[in-house]
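>>> just coords:
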């Protein structure tokens, strides 16, 4: 005879849709850095660098979409170590 086990419900957040932006710790740090630069009176420039696959590009594209015409996204490198 089969046994029925009831699983406890957790308060875990809902899973994001596949391909949706997820604000990770890395994304939060990038957003904070860019927010500080944006708050400068004279503006500023920042370079975001890190290991492959940690969400740099997705975060920057998400933030650029949020800022609309107030942001410029410029890719100056393609791949590791290749200008």
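Cool, got the structure. Just so it is clear, the model here is predicted, and its values are computed rather than measured.

>>> and the spatially closest residue to residue 38 that is not a sequence neighbour, how many neighbours?
Nearest residue to residue 38 in three dimensions, chain neighbours excluded: residue 44, at 7.9 Å (Cβ to Cβ, 6 or more residues apart in numbering). The C-beta positions use only the backbone N, C-alpha and C, and glycine is treated the same way. When neighbours are defined as other Cβ atoms under 10 Å, residue 44 has 11 of them.

>>> buried ones in the helix or strand where residue 37 lies?
Using DSSP states H and E, residue 37 maps to helix 25-38. Buried residues in helix 25-38, counted by 16 or more other Cβ atoms under 10 Å: 26, 27, 30, 31, 34.

>>> of these, which is the nearest to residue 49?
Of all the buried residues of helix 25-38, residue 30 has the smallest distance to residue 49: 10.7 Å, by Cβ to Cβ.

>>> check contacts around that closest one.
Residue 30 makes contacts with 48, 56, 59, 60, 63, as judged by Cβ atoms under 8 Å, 6 or more residues apart in numbering.

>>> which residues touch the residue positioned nearest the centre of the chain?
Among the residues of the chain, the one closest to the centroid is residue 59, at 2.7 Å (Cα atoms, centre = their mean). Residue 59 is in contact with 21, 26, 27, 30, 31, 48, counting by Cβ under 8 Å, 6+ apart.

>>> number of residues surrounding the nearest residue to the first one once chain neighbours are set aside?
Translated: residue 21. Leaving aside its sequence neighbours, residue 21 sits nearest to residue 62 (Cβ to Cβ, 6+ apart; 4.5 Å). Neighbourhood size, residue 62 [other Cβ under 10 Å]: 18.

>>> repeat that for the one 4 residues further on.
As a burial measure, the neighbour count of residue 66 was computed by other Cβ under 10 Å and equals 11.
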